[in-house]
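Asker: okay, sequence plus prediction incoming.
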Amino acid sequence: MADSWQTPYTGSVSDTPGSRLPWFGVVVRSLLIAVAVAGLLAAAARGAASQISAQSLLMPGVSYQRQVEFTPRGPVVLDVVTAPRPDGVLYTLAPALSNYAIVGTEKLTDIEKDVSATATTVGVNGDFFTASPGAPAGILMRGGTLDSAPAANRSSLGIGADGTLTVAKVAFDGTWKGTDQRRQLDLNAKPVKGHTTLYTSSWGQVTPAESGVVEAVIQSLPATHPNAVVSGTVTQVVPQGGTPIPAGGAVLVARGTQAPHLTAEAPVGTSVQFRLTLTPNWSSLPYAIGGGPLLVAGGKAVFRTNEAFGAPILNDRGARSAVGQLSDGRILLVTVEGATPAYSVGMTNFELAVAMQQLGAVNAMALGNGNAAAMAFDGTLLTQPSAKGVEQPLSDALLYAYTGVYAAPPSASVFSPNGDGADDTQTFTYKLVRPSQVAATLAGPGGINLVLAADSEAAGWHTLQWAGTTVSGTAAPEGNWTFQVTGVDDQRRTTTATRQFSLNDTLFGLAVNPVAARVAAGTTAATATFQLVHPATVTATVETRTGIVIATPFLGKLNPGPQQIPWDGRTGTGSLAFTGAYQVRIVATNSIGTVSLVAPFTARR
């Protein structure tokens, strides 16, 4: 296969994924637009200064962080997920096959949406692949069943039942035996002249359309566990391709000189034996995925791996993904973005190896790179697509899945129920993947506790709203609050998810007058009016609608009461602002916390 990193080897309940996109889109966009906490870090191996975003919680125990490194070659954006060691019950790391079949491809976000009802996932692209038919280039093993053979000259990743990751080169030897000797076979692979191939139901619905072949249909075949003999009886022999593959069965296809052997040695009624051998023996591992090369071994970045990759895949700077394990067993999922030189120039393979080492990986392996490299959470991209803003389809993906109760971020990180129409109602959304007994509560200042829900609920998305009052109907105290939802599912597993927010009534009633401002020398273009309930340090900025600050009309302390802040229509450099769409942002900070409001307006000269 000719791999190239430039090509795509490329109380109410709502059950629709789209119902959760508005709040999540805000969270993702805020992560993509702003780097919240900046600091210069020594990165001697790459000679780069770094900015690191504030760590955010994706789901219980699983965090996400965005890092921007400024290198002599340009900025490099890394998306980093850190997750608990998989236990195979609550947390699982496993490959997922596009469309549940080797044939065809699917976007990472769609792969995640396919499983969203049964788990909350964060994932990255999987193996290299060929766009037609969409088959992964290396190993794919799910639940102990081998779906695709490894590429012997490239690294494979094995995932143990205890969550241990193993990176190794794995060889494959497949054989079939009818009434005569054992003969070689390929597994779920693109047709090769003179080869015999076993197509299981993991391949797709039908075998490849071919002429000059013999196909033996096996109606029922046990799961193809590696390093074990499985047998099935031939129920039909067909002299052409395009044969339907029975669910739970297989079709054995022979081409060229191998076709007479299949005809003679596997007639209808014959029991055929299959052995799919992996060396080293990975039969005890439930999951495996291909990719490569090896990045980190024994805590050290690997420079030369001697794997079968061309120079462009290793040395061209672009988007890449990787998986690694920390010394305490936690999992790292990392994607290096490579959309544009102004945004992120990407990395070479060795630069990624150094990055994984610096993140603490004791072992790590690269996955497919180029335009297909991506990271997504529960069906929404965390990364910016490399191919002109368009997400690329994949053959398979590597998903980290959580099956407990999941709580989305509250609708407002700062809740202000003061009647001004902005964040007056707090909305909480959570997901259950199994029917559960649920308790949803709020904990606030002074030890106050409120019960929002306590009942049996079906699997799916659930929504609760809070108006900011106590049980007696009085206003809830300002300060930091915690929303907690605990579920006991029908398997008697108890899981809990929490989200923090603050209640802050300091600022309300922001307006800009006039909303259509006239910019001229010596005049006030617009005035921002608002109310302060408590004393606060206030910053007033005039911004473009994308959040770029062009002027700061006020920065200082203000007492409670009505406020007016004029803007003279000039930018920070003293020149008059251009005609366009703008917004005023007021940020008020005091002992309660920080709250902000935004009001749009337009300006013209």
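Answerer: That came through, no problem.
Asker: give me the residue ranges of this protein where confidence is low.
Answerer: Counting by pLDDT under 70, the chain shows low-confidence ranges at 1-50.
Asker: what number of residues lie near residue 232?
Answerer: By the measure other C-beta atoms under 10 Å, the count of residues near residue 232 is 22. Heads up, the C-betas are built off the backbone N, CA and C, glycines and all.
Asker: go on, the one 5 residues further on?
Answerer: When counting by other C-beta under 10 Å, one arrives at 17 neighbours for residue 237.
Asker: dump the residue contacts of it.
Answerer: Residue 237 sits next to 214, 215, 216, 217, 263, 266, 267, 268 when contact means C-beta atoms under 8 Å, 6 or more residues apart in numbering.
Asker: double-check that it belongs to a strand.
Answerer: Yes: Residue 237 sits within a strand when classified using DSSP: H, G, I helix; E, B strand; the rest coil.
Asker: domains of the chain?
Answerer: 68-164+288-402, 171-279, 406-503, 507-604 (automatic domain parsing).
Asker: would you list those in a markdown table and tack on distance to residue 60?
Answerer: What follows is the domains of the chain, written out as a markdown table (distance: least, C-beta to C-beta, whole Å):
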| stretch | distance to residue 60 |
| --- | --- |
| domain 68-164+288-402 | 7 |
| domain 171-279 | 32 |
| domain 406-503 | 5 |
| domain 507-604 | 24 |
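Asker: tell me the strands in the stretch 201-350 of the chain, going along the chain?
Answerer: 213-218, 229-238, 250-255, 271-279, 287-290, 294-297, 300-301, 320-326, 331-336 (DSSP state E, counting those that start in this stretch).
Asker: quick revisit: output the contacts of residue 237 as TSV; include the columns neighbour count.
Answerer: Listed next are the contacts of residue 237 as TSV, based on neighbours: other C-beta atoms under 10 Å:
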residue	neighbour count
214	22
215	23
216	29
217	21
263	15
266	25
267	13
268	11
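Asker: can you tell which of the strands of the stretch 201-350 of the chain is closest to residue 207?
Answerer: Closest approach to residue 207 among the strands of the stretch 201-350 of the chain (C-beta to C-beta): strand 250-255, 5.1 Å.
Asker: tell me the angle of that closest one relative to strand 213-218?
Answerer: On the basis of axes from the mean of the first three to the mean of the last three C-alpha atoms, to 10 degrees, strand 250-255 is oriented at 160 degrees to strand 213-218.
Asker: partners of the helix or strand containing residue 167 in the sheet?
Answerer: In the assignment (DSSP states H and E), residue 167 maps to strand 165-169. Paired strands of strand 165-169, with direction, are strand 155-159 (antiparallel) (DSSP bridges).
Asker: now do the strand it pairs with: distance to the chain's middle.
Answerer: Computed by C-alpha atoms, centre = their mean, to the nearest Å, the chain-centroid distance of strand 155-159 equals 20 Å.
Asker: what angle do it and strand 271-279 make?
Answerer: Relative orientation of strand 155-159 versus strand 271-279 (the same axes, to 10 degrees): 100 degrees.
Asker: show residues contacting the strand holding residue 167.
Answerer: By C-beta under 8 Å, 6+ apart, the surrounding residues in contact with strand 165-169 are 93, 150, 152-160, 280, 282, 285, 294, 297, 307, 323-325, 331, 363-365.
Asker: give the next helix or strand downstream of it.
Answerer: strand 171-177.
Asker: returning to what we had before: just the contacts of residue 237 now: which is nearest residue 571?
Answerer: For the contacts of residue 237, the nearest to residue 571 is residue 215 (72.8 Å; C-beta to C-beta).
Asker: how many residues are close by the closest residue to that closest one other than its chain neighbours?
Answerer: Once flanking residues are discounted, residue 215 sits nearest to residue 238: 4.4 Å by C-beta to C-beta, 6 or more residues apart in numbering. By other C-beta under 10 Å, 16 other residues sit near residue 238.
Asker: just residue 557 next, same as before
Answerer: 10.
Asker: just the strands in the stretch 451-600 of the chain please.
Answerer: 460-466, 479-489, 494-503, 507-513, 516-518, 526-532, 536-544, 549-558, 561-567, 580-590, 593-604.
Asker: reformat the ones you listed as TSV; add distance to residue 392.
Answerer: Formatted as TSV, the strands of the stretch 451-600 of the chain follow (distance: least, C-beta to C-beta, whole Å):
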stretch	distance to residue 392
strand 460-466	28
strand 479-489	35
strand 494-503	32
strand 507-513	42
strand 516-518	43
strand 526-532	44
strand 536-544	31
strand 549-558	35
strand 561-567	44
strand 580-590	33
strand 593-604	34
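Asker: now do the helices in this structure.
Answerer: 21-33, 108-115, 259-265, 311-315, 349-358 (DSSP state H).
Asker: residue 52 is in contact with residue 67, isn't it?
Answerer: Yes: taking contacts as C-beta atoms under 8 Å, residue 52 lies within contact range of residue 67: 5.1 Å.
Asker: drop anything exposed from the contacts of strand 165-169.
Answerer: Neighbour-count burial (16 or more other C-beta atoms under 10 Å) applied to these gives 93, 150, 154-160, 282, 285, 294, 297, 307, 323-325, 331, 363-365.
Asker: pull the contacting residues for the spatially closest residue to residue 419 that is not a sequence neighbour.
Answerer: Nearest residue to residue 419 in three dimensions, chain neighbours excluded: residue 508, at 7.5 Å (C-beta to C-beta, 6+ apart). Residue 508 makes contact with 416, 418, 419, 420, 422, 530, 531, 533, 597, according to C-beta under 8 Å, 6+ apart.
Asker: report the beta-bridge partner residues of residue 508.
Answerer: Counting by DSSP bridges, residue 508 forms beta bridges with residue 531.
Asker: and it, how far from residue 409?
Answerer: According to C-beta to C-beta, to the nearest Å, residue 508 and residue 409 sit 22 Å apart.
Asker: same question for residue 581.
Answerer: Distance from residue 581 to residue 409, by C-beta to C-beta: 28 Å.
Asker: so for these two, which sits in the more crowded spot?
Answerer: Set residue 581 next to residue 409 and count neighbours by other C-beta under 10 Å: residue 409 wins out with 20 against 11.
Asker: that one touches residue 500, doesn't it?
Answerer: No: if you go by C-beta under 8 Å, residue 409 and residue 500 don't touch, sitting 9.3 Å apart.
Asker: and the contacts of residue 508, which are buried?
Answerer: Buried among the contacts of residue 508 by 16+ other C-beta under 10 Å: 416, 418, 420, 422, 530, 531, 533, 597.
Asker: who touches the residue lying closest to the fifth one once chain neighbours are set aside in this structure?
Answerer: Take residue 530 and drop its neighbours on the chain: the residue closest to it by C-beta to C-beta, 6+ apart is residue 510, 4.4 Å away. Under the criterion of C-beta under 8 Å, 6+ apart, the contact list for residue 510 reads 420, 422, 528, 529, 530, 584, 586, 597, 598, 599.
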